[in-house]
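A.B. asks: kindly return the folded structure for what I paste below:
(2 chains)
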Amino acid sequence: MKSVPKLIGRCLRILLFSFVLLVILNLVLFVGVMTKQTNNSHPWATAKEAAEALEISDASYRLPEEIMEELKAEDVWAIFIDNDTRQVVWKTENLPETVPMTYSISEIVSLTRGYIDGYPTFTGEREDGLLVLGYPRESFWKHMWPSWDYQMIANLPKTALMVMAVNGMVIFLIYMIANSMLLKSVKPITEGIQALSAGEPVHIRENGLLSELARSINRTSEVLQSQNYQLRKKEMARANWIAGVSHDIRTPLSMVMGYAGQLQCDTGLTQEQRAKADVILKQSERMRNLINDLNLASKLEYNMQPVKSRTENAVAIVRQVVVDFMNMNIDDKYSIFWETPEDLCVCRIQADRDLLKRAVSNLIQNSMNHNEKGCRIFVSVKESGKTCEILVEDDGVGASDEEIEKLNRAPHYMVCDENTVEQQHGLGLLIVKQIAVSHHGDIVIRHSLRGGFAVMIRLDRD
Amino acid sequence: MLENYLKNKRILLVDDEQELLDMVVSILKEDGFYNICTAGSVKEALGAAENFLPELAILDVMLPDGNGFSLMEKLKDKADYPVLFLTARGEDEDKFRGFGLGADDYMVKPFLPKELIFRVTAILRRSYKSENPFVKLHGSEIDFERAEVIKNGTHISLTAKEYNLLLALYRASGRIVTIDALCEAAWGENPFGYENSLMAHIRRIREKIEENPSSPVSLITVKGLGYKLTVEGK
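C.D. replies: Model (predicted):
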């Protein structure tokens, strides 16, 4: 749901930006239109120009030819009213007949502000009289009372700003209300989608603006849940089957191991017979390890193995595994060396003791399994920054670059249905990987500096 | 053999597989245990326990007429003796359930004969230590009953920590006990940072039990890992 406030913020920024942009655009447009319409004031200029240009010769008036042309082009008539007589002493030829030839003072005031017979008029003063230009009807609209309250003009910038602010606020308010209404209907949808991605069951009320969307999400959730259930059922069945089979193998294998163990120690038998019993015993142990690995791998794969993490001392756990191997009287051809720095007594981690012991013992067992002619195995725990590194390495036959690359990239045992024979070989190692992952750690498989194989489990320190 | 008294112990063995019973009996007998009674079901086991009066019970978890956990409760109602579970179910919950009810140990099938013997001996030693308080070492003897060491006719008493450490080492005698397990035995759970104290205590124990503490014979150091107590006559 973090994205929703982000979305609102973004919309709001767009809104504010468009509002500011609109104001600027309006101003630009207004100025543009106003400057284009300079025509509005030109009649006054023309009238002033014409009045100044009006010449008297032999008691008759005359306008220069170019001004006459200009007036004619716009279909403008002109009269000149004498100051003393208030009579028209000069006129253009196109003067309509309805235009009076004598004017009282009040008529002059009126024509200055407005019209003569519907013709908008513009005046240009001279010492001896007044030149009046009459533009065609409906070519100009004249404001007859061109005066404003002084305060109004003085307050105009303030008033304009206030109006704009109020406008802005109203728009913002409308936007927020509309937005919150939309959000209210979007919120359950977004929550639903998030829950879907988390694999949780979802049920959204199917009403309001986005009811169709809600319905689709509900259907999707139902489909997903049923698919998950089926999948889980299948996985459980598989894991239970593996658990069942391994359980059933345990008792017969106990007898094989038990009697083989007795025969191996039976001094009444020949050396050769005891060696044979030893082979049976060793192979039975491998089978036991395989059963345990298979069972655990399937449980880890299907999350059926609870990881009971608590604060543990990694040094103590690894030390116990090494000692268990030593106490088991392992074959003389294998020797285990404890290489943890002497000053490192405690390395606290969050771990499931049994699972971690299993991982480390799998690594030691792995070194033995792959070096039948014997090898030296070196085990150590080190702290590296915030990481606890558990390293098991040997000086045995090791592995090729390709094999190491393959092991590092190996997919999960349970999901891979190709090359399973090859995969089974590394089951023990895959379990180590699974255990590391279930502890939010990882493993690194590489060549050992001692010539053999090395695996490092890296876990976060507590 | 000094620990002969352990071999006399009456062991009740319960499993529904006759062949497995035969095998476990043969393993135990080979090691010198002879007082063994077997049963194939809860009913048989309860009947046998009445007359046999076992001193150790080795129980399977899954039985035809019930489970080993409830059988243990019924057996322990009558008399208190150690119980070792022997089962094909390796799941954790079973393990915790078993220990929660007072089981002394737990073994998952399949197992090696020597592992079974080790566990049985360890449980018996722990449970019946007062019957034979004397543990013979090279050059000295430990009397756990009186918490003292007898060396060259002199009685040297053990401190509580030394006693606990020696007991932990004795229970697993012949095997390495980790530094951490010893610290736990002496200082309780999560004993972080007691390694130096442990070394001091070990030194003092050696002074008490060894003829020549600077070259120990009975209590041997396994560098970086732990210590091993070697008991005579084992």
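A.B. asks: output the below-cut-off pLDDT ranges for the stretch 1-150 of chain A.
C.D. replies: For the stretch 1-150 of chain A, applying pLDDT under 70 flags the ranges A:1-4, A:37-41.
A.B. asks: in it, which spans are strands?
C.D. replies: Ranges of strands in the stretch 1-150 of chain A, per DSSP state E, counting those that start in this stretch, are A:55-57, A:60-62, A:77-82, A:88-91, A:115-116, A:119-125, A:129-134.
A.B. asks: do chain B as well
C.D. replies: Along chain B, counting by DSSP state E, strands occupy B:11-14, B:36-39, B:56-59, B:62-63, B:66-67, B:83-87, B:105-108, B:134-137, B:140-143, B:148-151, B:154-157, B:176-178, B:219-222, B:226-229.
A.B. asks: these: which one's closest to chain A?
C.D. replies: Closest to chain A of those is strand B:176-178 (C-beta to the nearest C-beta; 4.6 Å). (Glycine included, C-beta is placed from N, CA and C.)
A.B. asks: let me see the domain layout of chain B.
C.D. replies: As assigned by automatic domain parsing, chain B contains the domains B:4-129, B:133-229.
A.B. asks: in contact with A:Asn366, which residues?
C.D. replies: Contacts for A:Asn366 (C-beta atoms under 8 Å, 6 or more residues apart in numbering or on different chains) come out as A:392, A:428-429, A:453, A:455.
A.B. asks: now A:Lys308: how far from chain B?
C.D. replies: A:Lys308 sits 8 Å away from chain B, going by C-beta to the nearest C-beta, to the nearest Å.
A.B. asks: oh sorry, the question was meant for A:His440
C.D. replies: Distance from A:His440 to chain B, by C-beta to the nearest C-beta: 20 Å.
A.B. asks: secondary structure element holding that residue?
C.D. replies: Per DSSP states H and E, A:His440 falls between elements, in no helix or strand.
A.B. asks: name the residues that touch stretch A:300-312?
C.D. replies: With contacts defined as C-beta under 8 Å, 6+ apart, stretch A:300-312 is touched by A:235-236, A:238-239, A:296, A:298-299, A:348-353, A:355-356, A:412-415, A:431, A:434-435, A:438-439, A:462, B:92, B:190.
A.B. asks: closest one to A:Ser106 among the domains of chain B?
C.D. replies: Checking the domains of chain B against A:Ser106 by C-beta to C-beta gives domain B:133-229 as the closest, at 113.5 Å.
A.B. asks: could you pull up phi and psi at the residue of chain A positioned farthest from its centre?
C.D. replies: What lies farthest from the middle of chain A is A:Asp58; by C-alpha atoms, centre = their mean that is 90.1 Å. Dihedral pair for A:Asp58: phi 60, psi 50, per degrees, to the nearest 10.
A.B. asks: what about it, distance to A:Val392?
C.D. replies: Distance of A:Asp58 to A:Val392, computed by C-beta to C-beta, to the nearest Å: 129 Å.
A.B. asks: which residue ranges of the stretch 151-300 of chain A form helices?
C.D. replies: Assigned by DSSP state H, counting those that start in this stretch, the helices in the stretch 151-300 of chain A fall at A:156-197, A:211-265, A:271-301.
A.B. asks: least trustworthy helix or strand in chain B by mean pLDDT?
C.D. replies: The helix or strand of chain B with the lowest confidence, counting by mean pLDDT, DSSP states H and E, is helix B:92-100 at a mean of 57.
A.B. asks: measure the residue nearest the centre of chain B to B:Lys129 for me?
C.D. replies: In chain B, the C-alpha nearest the mean C-alpha coordinate belongs to B:Ala122, at 1.6 Å (C-alpha atoms, centre = their mean). As judged by C-beta to C-beta, B:Ala122 and B:Lys129 stand 11 Å apart.
A.B. asks: how close does A:Ile443 get to chain B?
C.D. replies: For A:Ile443, the distance to chain B - C-beta to the nearest C-beta - is 23 Å.
A.B. asks: and the residue of the stretch 51-200 of chain A that's closest to chain B?
C.D. replies: A:Gly199 (25.5 Å).
A.B. asks: distance to A:Gly244 added to the domains of chain B, as a markdown table?
C.D. replies: Below are these laid out as a markdown table (distance: least, C-beta to C-beta, whole Å):
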| stretch | distance to A:Gly244 |
| --- | --- |
| domain B:4-129 | 10 |
| domain B:133-229 | 34 |
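A.B. asks: just the endpoints, please. Distance across stretch A:190-203?
C.D. replies: For stretch A:190-203, the first and last residues are 12 Å from each other (C-alpha to C-alpha, to the nearest Å).
A.B. asks: whichever strand or helix holds A:Gln434: what's the following helix or strand?
C.D. replies: Here A:Gln434 sits within helix A:427-438, counting by DSSP H and E. Using DSSP H and E, the helix or strand that follows helix A:427-438 in sequence is strand A:442-447.
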